[in-house]
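Undergrad: sequence unknown, structure follows:
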């Protein structure tokens, strides 16, 4: 939220660049452009999914019967809840409640850990079934042409997403420590907003992965 | 306090839509189910982008980037699907992925569906 209060710039070197609202606007704009590039990365994967679903509709319809829908759905609730905590942290820091903001962010990081543990349990199950990507696929209960494409895309899409979860947890941890250390206040908290936006993107990507891989 | 209530209200909406997606999937609606699930996901993304990612507070550039990203996604996925669905079936990639050709599946011949050779008259 743009603020009229005098404050330090978004980055110390940006003092020459306009006033504080202008600097905040530029920071948000830059973050959105970065997030758009991330969207394009995942769009390439979703396009591959769409093309192969068109080529093997029955395989992709049957694919979800070999997924653990309960764990996938649980992970969706976990990620959505973590997004709510991050949004609440932004509200808290705008009110000058640094410790509360830090605690909420650490709560979101813990939920990120939960997500990875659940995902790890799923991966272990697929590994034992030999439902592996590419030429390593040897899942005998689902051995029809195109089945290994489904699981190759599954590993690729959820793997790259999990990598983003790890990066997001790192970003949120840094923001939590900075918040608790008093680095932010009601007038200066743009880095926390931007870090939170990255975490929300991680949530957004999962909101599409979940129905496509587990539900329909 | 109003801001906190707003965040929580959006959060409840997101969790409710997640539950709705799950319940609809149990109905096995087929192709309409796929469209519904994607529409619900898009609604949730709209809520997150507008309220949690601060688009509601930042008109102009960020909203333009968001809208452009959405249009690019539609163009990329849409054009690929339009081209592929208009292609003659024999030109669709059968994939070098036939399970019997995979070295890891050499012992799985018995569970792989196969066609009986046509019987003579």
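TA: Thanks, I have it. Since the model is a prediction, treat every value here as computed from it, not as a measurement.
Undergrad: Helix or strand with the lowest mean pLDDT in chain A?
TA: helix A:57-63 (a mean of 88; mean pLDDT, DSSP states H and E).
Undergrad: is any part of that helix close to chain B?
TA: No - residues of helix A:57-63 contacting chain B under CB under 8 Å from any CB of the partner chain: none, with a closest distance of 8.5 Å. (Glycine included, C-beta is placed from N, CA and C.)
Undergrad: How about residues contacting that helix?
TA: A:52-53, A:142, A:144-147, A:149-151, A:154, A:213 (CB atoms under 8 Å, 6 or more residues apart in numbering or on different chains).
Undergrad: Flag every buried residue along that helix.
TA: A:59-61, A:63 (16 or more other CB atoms under 10 Å in any protein chain shown).
Undergrad: Repeat that for stretch A:121-139.
TA: Quick answer for stretch A:121-139 (16+ other CB under 10 Å): A:122-123, A:126, A:130-133, A:136-139.
Undergrad: so which of these also contact chain B?
TA: Answer for the buried residues of stretch A:121-139 near chain B (CB under 8 Å from any CB): A:130, A:132, A:136-138.
Undergrad: how close does residue A:96 get to chain B?
TA: With the distance defined as CB to the nearest CB, to the nearest Å, residue A:96 ends up 13 Å from chain B.
Undergrad: again, but for residue A:94
TA: Residue A:94 is 8 Å from chain B, by CB to the nearest CB.
Undergrad: With neighbour count added, can I get the contacts of helix A:57-63 in JSON lines?
TA: Output for the contacts of helix A:57-63, formatted as JSON lines (neighbours: other CB atoms under 10 Å in any protein chain shown):
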{"residue": "A:52", "neighbour count": "21"}
{"residue": "A:53", "neighbour count": "20"}
{"residue": "A:142", "neighbour count": "19"}
{"residue": "A:144", "neighbour count": "16"}
{"residue": "A:145", "neighbour count": "18"}
{"residue": "A:146", "neighbour count": "21"}
{"residue": "A:147", "neighbour count": "23"}
{"residue": "A:149", "neighbour count": "25"}
{"residue": "A:150", "neighbour count": "27"}
{"residue": "A:151", "neighbour count": "23"}
{"residue": "A:154", "neighbour count": "23"}
{"residue": "A:213", "neighbour count": "21"}
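Undergrad: Tell me which two of those residues sit farthest apart.
TA: Using CB to CB, the contacts of helix A:57-63 span at most 19.4 Å, a distance reached by A:145 and A:213.
Undergrad: ok so, going back, could you point out which element follows the least confident helix or strand of chain A?
TA: Sequence order places helix A:69-94 as the next helix or strand after helix A:57-63, per DSSP states H and E.
Undergrad: for that following helix, the distance to its chain's centre please.
TA: 10 Å (CA atoms, centre = their mean, to the nearest Å).
Undergrad: buried stuff in the next helix or strand after that helix?
TA: Downstream of helix A:69-94, the first helix or strand assigned by DSSP H and E is helix A:98-129. Neighbour-count burial for helix A:98-129 flags A:98, A:100-109, A:111-112, A:114-116, A:118-119, A:122-123, A:126 (criterion: 16+ other CB under 10 Å).
Undergrad: what inclination does whichever helix or strand comes after helix A:98-129 have with respect to helix A:69-94?
TA: Downstream of helix A:98-129, the next assigned helix or strand under DSSP H and E is helix A:147-180. Helix A:147-180 and helix A:69-94 are oriented at 20 degrees to each other (axes from the mean of the first three to the mean of the last three CA atoms, to 10 degrees).
Undergrad: For the residue positioned nearest the centre of chain B, give me phi and psi.
TA: Closest to where the C-alpha atoms of chain B average out (CA atoms, centre = their mean) is residue B:38, at 6.0 Å. The phi/psi pair for residue B:38 (degrees, to the nearest 10) reads phi -70, psi -40.
Undergrad: Can you pull the poorly scored residue ranges out of chain B?
TA: B:1-2, B:89-121 (pLDDT under 70).
Undergrad: ok, is the lengthiest helix in chain A in contact with chain B or not?
TA: Across chain A, the longest stretch assigned as helix under DSSP state H is helix A:20-55. Yes - using CB under 8 Å from any CB, helix A:20-55 comes into contact with chain B via A:25, A:28-29, A:32-33, A:35-36, A:39-40, A:43-44, A:46-47, A:50-51, A:54-55.
Undergrad: in chain B, which spans are helices?
TA: According to DSSP H, the helices that chain B contains are B:2-25, B:31-47, B:61-85.
Undergrad: And the buried residues of helix A:57-63, which is closest to chain B?
TA: Chain B has its nearest neighbour among the buried residues of helix A:57-63 in residue A:61, at 8.5 Å by CB to the nearest CB.
Undergrad: what's the burial count for residue B:85?
TA: 11 (other CB atoms under 10 Å in any protein chain shown).
Undergrad: check contacts around it.
TA: If you count contacts by CB under 8 Å, 6+ apart, then residue B:85 has residue A:54 around it.
Undergrad: And it, how close does it get to residue A:187?
TA: 54 Å (CB to CB, to the nearest Å).
Undergrad: Out of the ones next to chain B among the buried residues of stretch A:121-139, which is nearest to chain B?
TA: residue A:138 (3.8 Å).
Undergrad: Show the pLDDT at residue A:212.
TA: On the pLDDT scale, residue A:212 is placed at 94.
Undergrad: No further queries at this time; thank you.
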